[in-house]
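K.L.:
Need coordinates for the following:
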Amino acid sequence: MSKINFRKLLPIFIAISCVVIVAGIVLFAVLGFNNASDEPVRQILDVRYNQGINSAADGNNDETLQTFVEDTLTAEHISYEKAVVPEFADSGSLLTPDSYLVARYTLHGADEETLASVKDKIDAHIRENSAEETGIYAFADASVSYYTANLLGFEPDPAAWRGAIALAVGAIVALAYITFRFGVGCGVAGLVTGVHDAFFTLALFAICRIPVFGFAPLLYAAVALFTSAVLWIFYGHALRTNYKEPEFASLPAEEVADRTRSTTWKQTLLLAGLIAAVVLILGLVGAPGTMNLVLPALIGVVVPVYSTLGIGPAVFAAIRAKLDKRRAAKNRVYVGKKKKAESEN
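P.N.:
Residues are numbered from 1 along each chain as shown. Reported below is the predicted structural model:
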């Protein structure tokens, strides 16, 4: 990595970014994003019952209920996938004797009329065996429901866009810190790379037609902006440290930027990997289906690596070179006036 001449590759990086972003804008204008995740495409049959269903002497009545449901589905030639999941109390506590279980059937190849008939049969079976205290489902509080779910298998909080705003605000604060701590040149370069990463990420979603929720592109762009700011803070700190070294004092800005990149690229990749790990952990510990939501966010983690190593240092070098040139010009004017005043005296 340290042997790569990024200054020569900069036109290629700029060309790639321009092509991707322009193509993304065109496809977004024509097709928009692929919001297929908002479409209900999965058929779900839930059989919900209290764990008291097994309080009778013979027990195993929940298996009896599930067997009836599965036999009914099989008789209608409906294939399915089953999962028994707990329904936790509002307090978030673990299962208690009066908590509920849900036998969830993800169905395949069923029309609405057939599913309505299946639901009616299960309803009738539950009522028939729950009418009196002697019924095997008398204490089960059993019920059946049918609904459709989106590609991710759950409905996200409509206010989830607030997370995107929080990430964007965090990135703006980070960029302000970069400007204050490491100088205007570093701050402007961080802003350029952050905006580039947000638009580049959105362009990739528009081009690749990755299924997302309607709100998700905003979230992924915010992830890219935040990751870019975090990586640039690390790079800016390394720049500031190098400029304090005597050997860097006489070097042009491009040389300092390149040397800094060559000594920090491994740490940059490691930092991006840690952010990606956090994203994956959020997907693992979240609600069922959350992983499908957060996996595309990894694009917003990878893109800032590309810009931090390829585009950002070049932008910083160009800005810093102009600032250094302007500062040198002012110093020459000042020294000239001082010498003129001394000669007059």
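
K.L.:
Other residues contacting stretch 238-257?
P.N.:
7, 181-183, 185-186, 259-260, 263-264, 313-314, 316-318, 320-321, 324 (C-beta atoms under 8 Å, 6 or more residues apart in numbering). Bear in mind the C-beta positions are built from the backbone N, C-alpha and C, glycine included.

K.L.:
Among those residues, which lie within helices?
P.N.:
Counting by DSSP state H, the part of the contacts of stretch 238-257 found in helices is 7, 181-182, 185-186, 259-260, 263-264, 313-314, 316-318, 320-321, 324.

K.L.:
Now the buried members of the contacts of stretch 238-257.
P.N.:
Neighbour-count burial (16 or more other C-beta atoms under 10 Å) applied to these gives 182-183, 185-186, 259-260, 264, 313-314, 316-318, 320.

K.L.:
Please state the offset of the helix or strand hosting residue 175 from the chain centre?
P.N.:
When secondary structure is defined by DSSP states H and E, residue 175 falls within helix 161-182. Here helix 161-182 is found 17 Å from its chain centre; the criterion is C-alpha atoms, centre = their mean, to the nearest Å.

K.L.:
Which residue lies nearest the spatial centre of the chain?
P.N.:
residue 297 (2.9 Å; C-alpha atoms, centre = their mean).

K.L.:
Which stretches in the stretch 1-150 of the chain count as helices?
P.N.:
With helices called from DSSP state H, counting those that start in this stretch, the stretch 1-150 of the chain shows them at 6-31, 61-75, 112-128.

K.L.:
so how far is the longest one off the chain centroid?
P.N.:
It stands for helix 6-31. Computed by C-alpha atoms, centre = their mean, the chain-centroid distance of helix 6-31 equals 22 Å.

K.L.:
one step back: just checking, what packs against the helix holding residue 175?
P.N.:
helix 184-208, helix 216-243 (3 or more C-beta pairs under 8 Å, 6 or more residues apart in numbering; DSSP states H and E).

K.L.:
Just tell me which of these ends up closest to residue 112.
P.N.:
helix 216-243 (28.6 Å; C-beta to C-beta).

K.L.:
buried set for the closest one?
P.N.:
216-239, 242-243.

K.L.:
Return the residues in contact with residue 120.
P.N.:
Listed by C-beta under 8 Å, 6+ apart, the contact set of residue 120 is empty.

K.L.:
hmm, back to that, return the most buried member of the helices of the stretch 1-150 of the chain.
P.N.:
Mean neighbour count (mean count of other C-beta atoms under 10 Å) peaks for helix 61-75 among the helices of the stretch 1-150 of the chain, with a mean of 16.

K.L.:
residues in contact with that one?
P.N.:
45, 47, 49, 53-54, 80, 82, 84, 101, 103, 105, 107, 118, 121-122, 125-126, 136-137, 140, 142, 144.
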